[in-house]
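Enquirer: Would you be able to build a 3D model of this:
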Amino acid sequence: MAITFNHTIVASRDRAGSAAFFTELFGLPAAAEFGPFLAVTLNHGVSLDFAQAPDGADIHPQHYAFLVSENEFDEIYSRIRERGLQHWADPHGRQPGEINHHDGGRGVYFPDPSGHYLEIITRPYGSGA
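Expert: Prediction:
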């Protein structure tokens, strides 16, 4: 059986702002309107569907990790730094302003405008150096 991940809904305080933040930071085409969602398409047809959270609703932060090439890491990390975004080498925020080198690659964590934790890595965890 071949199971492929297709999409997930990302709760947002401002769906348009969150979708634009993501597409601009990652260098992707603008999100497409799909019903109540703004869908950002990734590789293999996977999409992040940004949804507007009701006013006053709590957003429970989620973690979204993305495998990127070395060149994409350089581009995204450059945008993170240009925007002055907080970022960390670790998921607990104990190494601010740094990147990690797990499995011989590079990785960094940073927040999106709604408080979700985004991560970019160049090597899958456990892949070895």
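
Enquirer: Could you list every helix and strand that the helix or strand hosting S78 packs against?
Expert: Assigned by DSSP states H and E, S78 falls within helix 70-82. When contacts are defined as 3 or more C-beta pairs under 8 Å, 6 or more residues apart in numbering; DSSP states H and E, helix 70-82 packs onto helix 15-26, strand 107-111, strand 117-121. Where you see a C-beta, it was placed from the backbone N, CA and C, and this is true even at glycine.

Enquirer: Out of the ones you listed, which gets nearest to R83?
Expert: Proximity to R83 (C-beta to C-beta) singles out helix 15-26 among the helices and strands packed on helix 70-82, at 7.7 Å.

Enquirer: Sort out which residues of the closest one are buried, please.
Expert: Within helix 15-26, the residues that count as buried by 16 or more other C-beta atoms under 10 Å are 15, 18-23, 25-26.

Enquirer: Can you show me the CA trace of it as CSV?
Expert: C-alpha atoms of helix 15-26 as CSV (Å, rounded to 0.1, in the frame of the first residue of the first chain):
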residue,chain,number,x,y,z
ARG,A,15,-4.6,33.4,7.3
ALA,A,16,-3.6,35.8,4.5
GLY,A,17,-0.7,37.1,6.6
SER,A,18,0.4,33.6,7.6
ALA,A,19,0.3,32.2,4.1
ALA,A,20,2.2,35.2,2.7
PHE,A,21,4.8,34.9,5.5
PHE,A,22,5.3,31.3,4.6
THR,A,23,5.4,31.7,0.8
GLU,A,24,7.7,34.7,0.9
LEU,A,25,10.1,33.1,3.4
PHE,A,26,10.3,29.8,1.5
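
Enquirer: contacting residues around whichever helix or strand comes after it?
Expert: Per DSSP H and E, the first helix or strand lying C-terminal to helix 15-26 is strand 32-34. Here strand 32-34 makes contact (C-beta atoms under 8 Å, 6 or more residues apart in numbering) with 38-39, 41, 49.

Enquirer: would you turn these into JSON lines with neighbour count and secondary structure?
Expert: Converted to JSON lines, the contacts of strand 32-34 look like this (neighbours: other C-beta atoms under 10 Å; DSSP: H, G, I helix; E, B strand; the rest coil):
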{"residue": "L38", "neighbour count": "26", "secondary structure": "strand"}
{"residue": "A39", "neighbour count": "16", "secondary structure": "strand"}
{"residue": "T41", "neighbour count": "15", "secondary structure": "strand"}
{"residue": "D49", "neighbour count": "19", "secondary structure": "strand"}
